[in-house]
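Engineer: Would you be able to build a 3D model of this:
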Amino acid sequence: MGFKNTIKTILIRNLTWWRFYTTNIDTLRPAVASNICRMLSCGNRVRGYLEYSCSNDSCNHFKVVPMTCKSRLCSSCGKKLTAQWIEKQRQILPKTRWQHITFTQPDEYWPLYWEDRSLLNDLMKIGAECIKEYAAKHGINPGLFQVVHTFGRDGKKNVHLHMSVTCGGLTANNTQWKNLKFSHFPLMKAWRKAVTNLLWQAYKTGRLALPDDKPTLTAIRAWLKAHYQKVWHVHLAKPTNSHKKNINYLGRYLKRPVIAQSRIIYENASEVVFKYLDHNDKKTKRKYLTPLEFVERLTWHIHDKYFRAVRYYGFLANRVRGKLLPIVFKLLGLDQTELQAATDWASLIQLNFNFNPLTCILCGSQLLLTNLNYGKSDADIFSLHHHQLAQGKPC
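Structural biologist: You can find the predicted model right below:
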């Protein structure tokens, strides 16, 4: 059944996930069911496993390491994937001055992205364009990467963008590095205009249905205009030269689950209680939900298959990175020597917990990989073992 106060325990206890799944099967997005089934199978031999044997011929010790799920809902996999991403970025991102920018929007707009989830793609594009156009006016092509967040600390719907942007970039002819300072008001105006136009076009083209209280496009236009006239919150953090902070900033948002396991205080068959920081008054509060309400809140924030929650733009864009990054490193006087990133499971354990999991616990010799079982595909696990896993039974 797993450990106390884990998301997996909540899903399995009293068949909470299975009851939710069978009740909502006709309306549930495919990505939700497959993602949760994948998480339930994490560490189960049905996913496959590695077998290691001691290199000492006189020692019979062996270790079985099950394959993991790589689901965003899974706390352990989320931590591992984040660590791997951070290590990779150490090789890619230049050590220079960066600024972190958060783009928010009126909370009345948040539910619209569940009516048409493809709007999240558009939102990320226009957010990046706001930065790129601002920089272009200063003759600069910056480097930036961003993560879209669809939830707040309490797991409710809250759509916003987190960005990391270089405080400078390449000039038009790629021969100079020029510093850049971002200003709040121009960015806020550009972001506000872009989001308003995005939603207006979505209503005009039928991507969003007209709500009952605003039955005409004229009413929608007036509603959008009323929010457009307000000052939106765009937060510009203090620029920093810390390479570690630059990378960790978005790393912590990348793969973490909606409700971190460490914030779950109590759970049983009738109630789930977790703590969260209320940004309005900066106080730690508790949220009380039924298990079914908790599961529903989790499913809101599972992205559709192939959706890329982290994206790169400017000189970090995938199509130009190979050409422009060496120029950036040269202009900044940086060494572009390849780092040997520790991204395999054993190296990450060594890095984070300071012990080698491939050292034999009996004789101290090295464990060697002797067998690799690939297990079943996600599709087969879902079709053959979903119900079994939802009951917490091994397979």
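Engineer: And stretch 369-378, end to end?
Structural biologist: For stretch 369-378, the first-to-last residue distance is 24 Å (C-alpha to C-alpha, to the nearest Å).
Engineer: got the buried residues for it?
Structural biologist: For stretch 369-378, a neighbour-count test (16 or more other C-beta atoms under 10 Å) marks 375-376 as buried. To be clear about C-beta, it is placed using only N, CA and C from the backbone, and glycine gets the same treatment.
Engineer: contacting residues around that stretch?
Structural biologist: Outside stretch 369-378, the residues within contact range by C-beta atoms under 8 Å, 6 or more residues apart in numbering are 34, 37-38, 45-53, 62, 67, 384-385.
Engineer: could you pull out the strands for the chain?
Structural biologist: For the chain, the strands defined by DSSP state E occupy 49-54, 62-66, 98-103, 141-151, 157-170, 177-179, 234-236, 264-267, 272-278, 283-289, 310-314, 367-373.
Engineer: taking the contacts of stretch 369-378 as a set, which two sit the farthest apart in space?
Structural biologist: Greatest spacing in the contacts of stretch 369-378, by C-beta to C-beta: Ser34 and Ser53 (34.1 Å).
Engineer: returning to what we had before: pick out the shakiest of the strands of the chain, pLDDT-wise.
Structural biologist: Mean pLDDT is lowest for strand 264-267 among the strands of the chain, at a mean of 87.
Engineer: Identify the residues contacting Ile302.
Structural biologist: Applying C-beta under 8 Å, 6+ apart, the residues contacting Ile302 are 29, 31-32, 35-36, 72-73.
Engineer: circling back: need the strands of the chain in JSON lines with distance to Trp18, can you?
Structural biologist: Listed next are the strands of the chain as JSON lines, based on distance: least, C-beta to C-beta, whole Å:
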{"stretch": "strand 49-54", "distance to Trp18": "25"}
{"stretch": "strand 62-66", "distance to Trp18": "22"}
{"stretch": "strand 98-103", "distance to Trp18": "38"}
{"stretch": "strand 141-151", "distance to Trp18": "24"}
{"stretch": "strand 157-170", "distance to Trp18": "25"}
{"stretch": "strand 177-179", "distance to Trp18": "56"}
{"stretch": "strand 234-236", "distance to Trp18": "41"}
{"stretch": "strand 264-267", "distance to Trp18": "17"}
{"stretch": "strand 272-278", "distance to Trp18": "17"}
{"stretch": "strand 283-289", "distance to Trp18": "18"}
{"stretch": "strand 310-314", "distance to Trp18": "32"}
{"stretch": "strand 367-373", "distance to Trp18": "27"}
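Engineer: Make a ChimeraX selection of the buried ones in the contacts of Ile302.
Structural biologist: Buried residues within those, by 16+ other C-beta under 10 Å, are selected in ChimeraX with:
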select :31,32,35,36,72,73
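Engineer: now, among the contacts of Ile302, which is nearest to Phe307?
Structural biologist: Closest approach to Phe307 among the contacts of Ile302 (C-beta to C-beta): Ala31, at 8.2 Å.
Engineer: thinking again about what came up before, sort the contacts of Ile302 by pLDDT and name the bottom one.
Structural biologist: Lowest in pLDDT among the contacts of Ile302 is Arg72, which has 72.
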